[in-house]
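Undergrad: make a model of this:
(chains A and B)
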2 protein chains.
Amino acid sequence: MANSDKNISSAVIKRLPRYFRYLGALKAKNITRISSKELSEQMMVTASQIRQDLNNFGGFGQQGYGYNVDNLYTEIGKILGLDKRNDMIIVGAGNLGQALANYQSFNEDYGYKVMALFDVNPKLIGISVRGVKVLDTDELENFIKTHGIKIAALTIPKDQAPAIAKKMAEWGIKGFWNFAPIDLHLPDNVTVENVHLAESLMTLTYNVHNREESENE
Amino acid sequence: MANSDKNISSAVIKRLPRYFRYLGALKAKNITRISSKELSEQMMVTASQIRQDLNNFGGFGQQGYGYNVDNLYTEIGKILGLDKRNDMIIVGAGNLGQALANYQSFNEDYGYKVMALFDVNPKLIGISVRGVKVLDTDELENFIKTHGIKIAALTIPKDQAPAIAKKMAEWGIKGFWNFAPIDLHLPDNVTVENVHLAESLMTLTYNVHNREESENE
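TA: Residues are numbered from 1 along each chain as shown, chains lettered A, B, ... in the order given. Next up, the predicted model:
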């Protein structure tokens, strides 16, 4: 594993939000410091993994003292970019798009702000979800460019997702939070984070049936 | 990697739904057979990984012929347990719970059937979402036992999730599709598939900011 900021493995990156979540929970309980051992017991990972992961970012622990919860929480937040303004849009104002717009866990904390939803359905255009307007998809280009939007959730049917994502990337979107059940092929400077709901449900289903069979033997 | 059905690595299991999705798309285009090379190009994984993955289940390819799309689709569906009835419930009938109940991609195909939603909110109890009733959480135990429900989506606040999940596992739930931003600690015979939305958005945010910094150097 590299020590440079530029080459942190994606596995470590994927674990950071979980550290952030646990530290947030400790903060909420007014716990001010924690040893890597205690943290590892709560998170059910090894203490050495915690130390290794956090060393990627220069480490934040002090021998014999452990981690300063507040500090570590703030620093990981900065690493994740949560100290910046994270304006985003949601393309697809159906049930899932509206649910995301309503999802308070990330909306209000961490600098995320849903600036607009977009849809092609005339019945949805003009309505508000938590005070955020649903705009006509025709306005996407102008909106992205005017507001310098970098992050977009895609909650549209899979047949429409690849073409619109390609255009949105040209207009300036750097990160897609993709809920459409299709893989997007976009330029290298664009990040895609897939949430394939049906696939995670299928994995669950497999495990449910498979454990049942093992038990019945 | 083991060859026995019982010891397939979770990485392989996680990839199966993606195979299933691609094969479904091929089927929809009336493509009847595909070589592992072609499939690998479309899925952007190596042909050898595809062969290795599918060999876990006895392999389905024929040298010089490739894979029979229809067959492979059906067989993977069976492996995933999609040929069985997969009755499920959704606990938490807020925006996200309702969005899942409305989510057609898995509702109607693959044998999934949302049998009921549950909530504590009197304003939600009694309403229908796509014809599925929202019931009082007090009825959970009886409903799970009467209908032999094994799969439950959890779309309730994180503070409530651990206690209710523990009870639901006692009543017979074997698989939790957990959307609450908290880790559930449940008996070994219970599977949890987490969809931590805020965490995937944070990973995306990290990548967006990090690539920007690299570009600006």
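Undergrad: show me the shaky parts of chain A.
TA: Applying pLDDT under 70 to chain A flags residues A:1-7, A:58-63, A:104-109, A:212-217.
Undergrad: where is the longest strand in chain A?
TA: Assignment by DSSP state E gives strand A:112-119 as the longest strand of chain A.
Undergrad: quick one: that strand near chain B?
TA: Yes: against chain B, strand A:112-119 shows contacts by C-beta under 8 Å from any C-beta of the partner chain at A:Tyr112. Bear in mind the C-beta positions are built from the backbone N, C-alpha and C, glycine included.
Undergrad: same question, stretch A:31-41
TA: No: Stretch A:31-41 stays clear of chain B (C-beta under 8 Å from any C-beta), getting no nearer than 11.6 Å.
Undergrad: now that stretch, how far from the centre of its chain.
TA: Remark: stretch A:31-41 is offset 25 Å from the chain centroid, using C-alpha atoms, centre = their mean, to the nearest Å.
Undergrad: what lies in contact with it?
TA: A:22, A:26, A:46-47, A:49-51, A:61, A:65-70 (C-beta atoms under 8 Å, 6 or more residues apart in numbering or on different chains).
Undergrad: who wins on neighbours among those?
TA: Within the contacts of stretch A:31-41, most neighbours by other C-beta atoms under 10 Å in any protein chain shown means A:Tyr67, with 26 neighbours.
Undergrad: note down every partner strand of the strand or helix carrying that residue and its orientation.
TA: Taking DSSP states H and E as the criterion, A:Tyr67 maps to strand A:67-68. With DSSP bridges as the test, strand A:67-68 is paired with strand A:33-34 (antiparallel).
Undergrad: and A:Asn207, what is it in contact with?
TA: B:Ile13, B:Gly175, B:Thr191, B:Glu193.
Undergrad: how far away is it from B:Asn56?
TA: A:Asn207 sits 15 Å away from B:Asn56, going by C-beta to C-beta, to the nearest Å.
Undergrad: ok, now A:Ile125?
TA: 48 Å.
Undergrad: what is the burial count for A:Thr155?
TA: Using other C-beta under 10 Å, A:Thr155 has 27 other residues around it.
Undergrad: distance of it relative to A:Ile90?
TA: Separation of A:Thr155 from A:Ile90 (C-beta to C-beta): 6 Å.
Undergrad: can you count the residues close to A:Thr146?
TA: For A:Thr146, using other C-beta under 10 Å, the count is 9.
Undergrad: so what touches whatever helix or strand it lives in?
TA: According to DSSP H and E, A:Thr146 maps onto helix A:140-147. Contact with helix A:140-147 is made by A:87, A:89, A:91, A:115-116, A:118, A:135, A:149, A:152, A:164, A:167-168, A:171-173, as judged by C-beta under 8 Å, 6+ apart.
Undergrad: re the thing from before, among the contacts of A:Asn207, which lie within strands?
TA: B:Gly175, B:Thr191, B:Glu193.
Undergrad: so which of the residues you listed also contact chain A?
TA: Residues of the ones in strands among the contacts of A:Asn207 in contact with chain A (C-beta under 8 Å from any C-beta): B:Gly175, B:Thr191, B:Glu193.
Undergrad: out of the residues you listed, which is most surrounded?
TA: Within those, B:Gly175 tops the neighbour count with 26 neighbours, counted by other C-beta under 10 Å.
Undergrad: how far away is that residue from B:Val192?
TA: Separation of B:Gly175 from B:Val192 (C-beta to C-beta): 8 Å.
Undergrad: does chain B sit close to the helix or strand that the helix holding A:Thr146 is followed by?
TA: Sequence order places strand A:151-154 as the next helix or strand after helix A:140-147, per DSSP H and E. Yes: for strand A:151-154, a contact with chain B is found by C-beta under 8 Å from any C-beta, at A:Ile151.
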